[in-house]
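In: Fold the following, please.
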Amino acid sequence: MADTVETPAGEESLEAKLESMLDIEKFDPPEDFRKHALLDDPSIYEEAESDWKGWWLKQAKELHWFKEPSEVLDDSNPPFYKWFADGKLNASYNCLDRHVEAGNGDRVAYHWHGEEGEEREITYADLHREVQKFANVLKDLGIEQGDVVGIYLPMVPEVVVAMLACARIGAPHNVVFGGFSADSVRERMEFSEAKALVTIDGARRKGKTAPIKQQVDKAMSGLDTLEHIVVVKHTDEECEMKEGRDHWYHELMDKADDECPAEELGAEHPLYVLYTSGSTAKPKGVLHTTGGYLTGVSATHRYIFDLKPEEDVYWCAADVGWVTGHSYIVYGPLCNGTTSVMWEGAPDYPHKGIWWELCERYGVSLFYTAPTAIRACIKWGVEHVEKANLDKLRLLGTVGEPINPKAWLWYYKVVGGERCPIVDTWWQTETGAIMISPLPGIVATKPGSATRPFPGVEADVVDERDGEPVEDGQGLLIIKRPWPSMLRTLYKEDDRFVETYFDKFGKETYLVGDAARKDKDGYFWIIGRIDDVVNVSGHRMSTAEVESAIVSHKKVAEAAVIGQSDEDTGQAICAFVILEGDREGSDELVQEIREHVAKKIGKLARPKRI
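Out: Got it, this is the predicted structure:
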């Protein structure tokens, strides 16, 4: 006879409550929230629509400019749009100097919490000093305006220091997610012709330490364009230092001058390159520039999260290596003078309640995570959430993939106590900032829908054959006009940029690559990718890139990869493999192929089924 597990009465009642809530079509903004919201007047949408260029200029003026822009949009050469092109500013200055100069240097920028329980409080003044010193380190290494600097770091404060130091001197950064393999790092350093790489001795994950510097040494062998590797000491992992090329971060910082004025850069000066999966094996280098990008991320962060920087503690539980981290851990929050939480580890280590424990510890009021993480929390049970006091929470957000209504309701009830609006945000690496999301003090939410485009953004769902709007049913999601934080091109691949995003419906219309539908209220429901990209735990993986990695295994002749629905990760990678000659398959070989893919790309790309 099979074992049976009794469900506690509380669990049953929760299940019944969630089932009954599925019948609720819309959730109005909670009255108490709406009364204190930054935006509570629906006319904001009409105001932005009636003069969308003026609306974006108004948002841009919230930034600090060394020279104010006199023009908004240069659309003379579509799709190569320019925003605020004659203005001059600096991202690092906007994130740090202006807050320190306004007397807010003592405000905490990051509560950093390490996997082994260490804590660091980094104020705006601390960050300002460290960034200036590291900017001088880069200059002393010969890094000049326009040189690309690679960054391959886990969730440690030095990742923010390195990014802002690059921005300070006008050197575009190319951050690689810490979970990607060293081979993936080499590929991205090679494509971007990075002159220097900032990395770490070892990275911790769930009690284990990965020898990052050792792996980097092996992967970077023979890469002549890479002149310097700066190594952060974090775990005391043994690593070899190559004379002339390798430098300890702390030793360079000890000698560096702590004053480095921010360069006055044109609004269209490249801020960063971030590689994302495309439908071919070669990743796409998405290029973002300074003025428009900062305008987009600061405005969306302020209004969508209803930010009150003097009171709120904000936590985006993503990784800086993805665009969510760039926009909503670093640039958006720091531009707005936010206090954020930064957590080094996983959501279930050292225990499954660590996130909620940290929310209580730091008084988190705004929390932003992916549906994959919410589904994992559901599986682990409500007791881990209920142990913590989450009374300070006042708003919840989701990012990276569509959320199913039941997970949305669990998040709303169990984590948010039915008092916190949920902002379900849709956007991409390419869009730079959130494009579709409720404004929490204005828009009634529907579980599973990203609701309405952000003011100033014009989106639609169209028929893939003729580009005509689809009134009732599924179609292609498009953005109908330029916006400030849009990618400017694919790094050194202008033709691929046009072909990928602006070929199907003309150079005025951005093709997103997602299928969607729009309901009778004009709410958008994102369905999924239309190209050969699988969305695993909110992260895009190219099927061609995974196929290429599998076929590079010496026992494999051919491979085909698809995405399958998965209750844990949204989608999972499934591979069909033909072996060389008359070789036989085995469980051991399946595991070998999975680990081979992890080594080539990273653990996220490991096929769940072969």
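
In: sec struct for the spatially most central residue of the chain, please.
Out: Taking Cα atoms, centre = their mean, the centroid of the chain lies closest to T324, which sits 1.6 Å from it. Using DSSP: H, G, I helix; E, B strand; the rest coil, the structure places T324 in helix.

In: does it really touch T398, like I thought?
Out: No: using Cβ atoms under 8 Å, T324 is not in contact with T398, being 10.9 Å away. For every residue, glycine as well, the C-beta is placed using N, CA and C.

In: quick one: low-confidence ranges for the protein?
Out: 1-12, 278-281 (pLDDT under 70).

In: Can you give me the domain boundaries for it?
Out: Using automatic domain parsing, the domain parsing of the chain gives 23-54+289-529, 534-605.

In: Single out the most deeply packed of the ones you listed.
Out: domain 23-54+289-529 (a mean of 20; mean count of other Cβ atoms under 10 Å).

In: What are the buried residues along stretch 237-249?
Out: Within stretch 237-249, the residues scored as buried using 16 or more other Cβ atoms under 10 Å are 237, 239, 246-247, 249.

In: Any chance of the domains of the chain in JSON lines with distance to W112 as columns?
Out: Shown next, in JSON lines, are the domains of the chain (distance: least, Cβ to Cβ, whole Å):
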{"stretch": "domain 23-54+289-529", "distance to W112": "5"}
{"stretch": "domain 534-605", "distance to W112": "23"}
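
In: out of those, which comes closest to S13?
Out: domain 23-54+289-529 (10.9 Å; Cβ to Cβ).

In: Between the two ends of the closest one, how far is it?
Out: 28 Å (Cα to Cα, to the nearest Å).

In: what's the offset of that domain from the middle of its chain?
Out: 11 Å (Cα atoms, centre = their mean, to the nearest Å).

In: Renumber starting at 682 from here on
Out: I'll keep to 682 as the first residue from here, and by that count the last item is domain 704-735+970-1210.

In: In helices, which of the buried residues of stretch 918-930 fall?
Out: Y930 (DSSP state H).

In: Of the buried residues of stretch 918-930, which pair is most distant in space?
Out: E918 and H928 (16.5 Å).

In: Which residue ranges of the stretch 832-981 of the chain form helices?
Out: Assigned by DSSP state H, counting those that start in this stretch, the helices in the stretch 832-981 of the chain fall at 838-850, 863-873, 893-901, 930-936, 971-985.

In: on that earlier part again, cross the buried residues of stretch 918-930 against strands and list the overlap.
Out: For the buried residues of stretch 918-930, membership in strands holds for 927-928, with DSSP state E as the criterion.

In: nearest to K1068, of the buried residues of stretch 918-930?
Out: Distances from K1068 to those, taken by Cβ to Cβ, are shortest for E918, at 33.6 Å.

In: Ramachandran angles for that closest one?
Out: Per-residue torsions, E918: phi -60, psi 130 (degrees, to the nearest 10).

In: If you tally nearby residues, what's the number for the residue nearest to it when sequence neighbours are not counted?
Out: Spatial nearest neighbour of E918, chain neighbours left out: G883 (3.0 Å); criterion: Cβ to Cβ, 6 or more residues apart in numbering. Counted with other Cβ atoms under 10 Å, the neighbours of G883 add up to 21.

In: My guess is G883 contacts Q896. True?
Out: No: checked against Cβ under 8 Å, the pair G883 and Q896 is beyond contact range at 9.8 Å.

In: For the spatially closest residue to H950 that is not a sequence neighbour, give me its contacts.
Out: Residue nearest to H950 in three dimensions, not counting chain neighbours: T971, with 5.1 Å by Cβ to Cβ, 6+ apart. Counting by Cβ atoms under 8 Å, 6 or more residues apart in numbering, T971 makes contact with 770-772, 848, 946-952.

In: Repeat the analysis, applying 6 Å as the threshold.
Out: Contacts for T971 (Cβ atoms under 6 Å, 6 or more residues apart in numbering) come out as 772, 946, 948, 950, 952.

In: so what's the first one up against?
Out: Taking Cβ under 6 Å, 6+ apart as the contact definition, A772 lies against 848, 952, 971, 975.

In: Recalculate using a threshold of 8 Å.
Out: 845, 848-849, 952, 971, 975, 1012.

In: ranges for the strands of the stretch 1082-1231 of the chain?
Out: Assigned by DSSP state E, counting those that start in this stretch, the stretch 1082-1231 of the chain shows strands spanning 1103-1105, 1140-1143, 1155-1160, 1170-1171, 1191-1199, 1205-1210, 1214-1217, 1220-1223.

In: ok, residues contacting the longest one?
Out: By that I understand strand 1191-1199. Contacts of strand 1191-1199 (Cβ under 8 Å, 6+ apart): 760, 1109, 1141-1142, 1151-1152, 1154-1161, 1163, 1167, 1181-1186, 1205-1212, 1214.

In: do stretch 1051-1065 as well
Out: 691-692, 695, 998-999, 1028-1029, 1032-1034, 1036-1037, 1066, 1079-1085, 1088, 1091-1092, 1095-1096, 1218-1219, 1248-1251.

In: doesn't F714 fall inside a helix?
Out: Yes: the assignment for F714 by three-state DSSP puts it in a helix.

In: Look up how far D709 lies from the closest residue to it other than its chain neighbours.
Out: Spatial nearest neighbour of F714, chain neighbours left out: P1102 (5.9 Å); criterion: Cβ to Cβ, 6+ apart. With distances taken as Cβ to Cβ, to the nearest Å, P1102 is found 9 Å from D709.

In: Buried ones in the longest helix along the chain, by neighbour count?
Out: Across the chain, the longest stretch assigned as helix under DSSP H is helix 805-821. Neighbour-count burial for helix 805-821 flags 805-820 (criterion: 16+ other Cβ under 10 Å).

In: Which neighbouring elements make contact with that helix?
Out: strand 789-794, helix 838-850, helix 930-936 (3 or more Cβ pairs under 8 Å, 6 or more residues apart in numbering; DSSP states H and E).

In: Tabulate those (TSV), appending distance to L1192.
Out: TSV is the format used below for these (distance: least, Cβ to Cβ, whole Å):
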stretch	distance to L1192
strand 789-794	37
helix 838-850	29
helix 930-936	42
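
In: so which of the ones you listed gets nearest R1290?
Out: Among these, if distance is taken as Cβ to Cβ, the winner is helix 838-850, at 33.6 Å.

In: Could you check the angle the closest one makes with helix 805-821?
Out: Using axes from the mean of the first three to the mean of the last three Cα atoms, to 10 degrees, the inter-axis angle of helix 838-850 relative to helix 805-821 is 60 degrees.

In: Send me helix 838-850 as CSV with only the CA atoms.
Out: Output of helix 838-850 as CSV, limited to C-alpha atoms (Å, rounded to 0.1, in the frame of the first residue of the first chain):
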residue,chain,number,x,y,z
PRO,A,838,29.8,44.4,-3.7
GLU,A,839,32.9,44.6,-5.9
VAL,A,840,30.7,43.8,-9.0
VAL,A,841,28.9,47.1,-8.5
VAL,A,842,32.2,48.9,-7.8
ALA,A,843,33.7,47.5,-11.1
MET,A,844,30.6,48.5,-13.2
LEU,A,845,30.4,52.0,-11.9
ALA,A,846,34.2,52.5,-12.2
CYS,A,847,33.9,51.6,-15.9
ALA,A,848,31.0,54.0,-16.3
ARG,A,849,32.9,56.7,-14.6
ILE,A,850,35.7,56.7,-17.1
